[in-house]
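Asker: What would the 3D arrangement of this be:
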Amino acid sequence: MPCKLSVNLNAVAYLRNRRDVSWPDVLKLGRIALEAGASGLTVHPRPDERHIRRADVPLLRALVDEFPGGEFNIEGYPDDAFMRLVEAHQPDQVTLVPDLPGQATSDHGWDFSTQHNFLGAIVDRLHKGRMRVSIFVDPDVAAPATAKAVGADRVEIFTGPYGGAVDVNVAAHEFKRVVATGQAAAKAGLGLNAGHDLTRANLPALVRALPNLAEVSIGHGLFADAWEFGLAETVRLFKKAINVELA
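Answerer: Numbering: from 1, shown residues only. Purely as a prediction, here's the structure:
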């Protein structure tokens with residue numbers, strides 16, 4: 001199956017929230033992305049609502065439902081408020097990330113040595129709600145097997161060190177770590193997602209090296225390009241970068 005593109009709308013919401021206005025319109029831009037061929041939408045509703053707000057979630061859920069086969073992915077730290085939110089709106093996928101409340105962005109995977117039992121209980125609860133669960137992990141060949149042990153359906157590899165590398169030698173080193181982790185996910189029988197600092201330049205090599213890569217979730221790099229090319233064309237360009245045929 002080809003790799004799917006989920007458009008992360010946090011950057012749009014963050015810009016909107018700088019003023020007490022309703023634009024840019026998260027819902028409208030989400031629709032443009034889906035109409036241009038994105039496979040789904042991703043949001044990360046943080047406790048302080050500095051970008052996606054809880055009130056955005058039901059509207060985006062309804063929007064994705066208008067597109068056959070579209071998927072809604074909600075990511076976040078599974079505290080009580082987050083769990084109530086996802087149980088109320090039933091995303092197709094929940095991505096568990098270990099962010100602290102004030103953290104600027106997701107920048108590390110779970111520490112399974114201390115959070116194994118906690119994650120196991122969370123995954124079980126989400127499965128009872130019939131939601132697919134992905135766990136955010138560092139590039140580490142041991143991580144997929146551990147994620148499998150707590151019941152995850154997929155892992156999402158944190159690709160920031162690869163995507164954000166400027167030095168070619170560092171990028172090559174980080175690329176190998178991501179690929180090894182992705183291969184370990186296949187061996188563990190887990191689905192594979194990836195996200196963070198992925199661009200049209202660094203995606204093709206990753207997709208070629210990991211034929212099991214099911215989904216990439218992209219926000220910052222995609223909306224940076226959208227300033228230049230427009231959102232609909234940028235979605236099409238990113239789909240080409242991950243070798244997904246245009247509809």
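Asker: Residues in a beta bridge with the residue most central in space within the chain, which ones?
Answerer: Centroid-nearest residue in the chain: S217, 3.7 Å away (criterion: CA atoms, centre = their mean). Here S217 sits in beta bridges with S6, G195, going by DSSP bridges.
Asker: State the number of residues packed around A232.
Answerer: 16 (other CB atoms under 10 Å). All C-beta spots, glycine's among them, are computed from the backbone N, C-alpha and C.
Asker: Next, find the distance separating it from F238.
Answerer: Plainly put, A232 is 11 Å away from F238 if you go by CB to CB, to the nearest Å.
Asker: same question, V7
Answerer: 9 Å.
Asker: Between those two, which contacts overlap?
Answerer: I218, L222 (CB atoms under 8 Å, 6 or more residues apart in numbering).
Asker: Looking at the two now, which is surrounded by more residues?
Answerer: V7 (29 against 26).
Asker: shaky segments in this protein?
Answerer: 101-104, 106-107, 244-247 (pLDDT under 70).
Asker: which stretches of it form strands?
Answerer: 4-8, 40-43, 71-76, 93-96, 132-137, 154-158, 191-195, 213-218 (DSSP state E).
Asker: Not counting its own residues, what contacts the longest helix belonging to the chain?
Answerer: Longest helix in the chain by number of residues, with DSSP state H as the criterion: helix 168-188. Helix 168-188 has contacts (CB under 8 Å, 6+ apart) with 137-145, 147-148, 154-155, 157, 159, 161-162, 165, 191-192, 194, 202, 205-206, 209-210, 212-213.
Asker: If any of the residues you listed are buried, put those into a PyMOL selection.
Answerer: Buried members of the contacts of helix 168-188, defined by 16 or more other CB atoms under 10 Å, are picked up in PyMOL with:
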select buried, resi 137+138+139+140+143+144+145+147+148+154+155+157+159+161+162+165+191+192+194+202+206+210+213
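Asker: Now do the same contact list for the residue nearest to the centre of the chain.
Answerer: S6, V7, N8, T42, N73, E75, T95, E156, N193, A194, G195.
Asker: Tabulate these (JSON lines), appending distance to L119.
Answerer: Shown next, in JSON lines, are these (distance: CB to CB, whole Å):
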{"residue": "S6", "distance to L119": "22"}
{"residue": "V7", "distance to L119": "27"}
{"residue": "N8", "distance to L119": "22"}
{"residue": "T42", "distance to L119": "20"}
{"residue": "N73", "distance to L119": "18"}
{"residue": "E75", "distance to L119": "14"}
{"residue": "T95", "distance to L119": "12"}
{"residue": "E156", "distance to L119": "14"}
{"residue": "N193", "distance to L119": "16"}
{"residue": "A194", "distance to L119": "20"}
{"residue": "G195", "distance to L119": "19"}
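Asker: could you flag which of these are buried?
Answerer: Here, 16+ other CB under 10 Å leaves S6, V7, N8, T42, N73, E75, T95, E156, N193, A194, G195 buried among the contacts of S217.
Asker: Sort out which one of those lies nearest V133 for me.
Answerer: T95 (7.9 Å; CB to CB).
Asker: Specify the beta-bridge partners of the closest one.
Answerer: E75, S134.
Asker: swap in G191?
Answerer: Applying DSSP bridges to G191, the residues it is bridged with are R154.
Asker: Identify the residues contacting it.
Answerer: S134, D153, R154, V155, A185, N212, A214.
Asker: quick check, nearest of those to A33?
Answerer: Proximity of the contacts of G191 to A33 (CB to CB) peaks at A214, which lies at 18.4 Å.
Asker: nearest residue to the closest one other than its sequence neighbours?
Answerer: Counting by CB to CB, 6 or more residues apart in numbering, G191 is the residue found nearest to A214 once chain neighbours are left out, at 5.0 Å.
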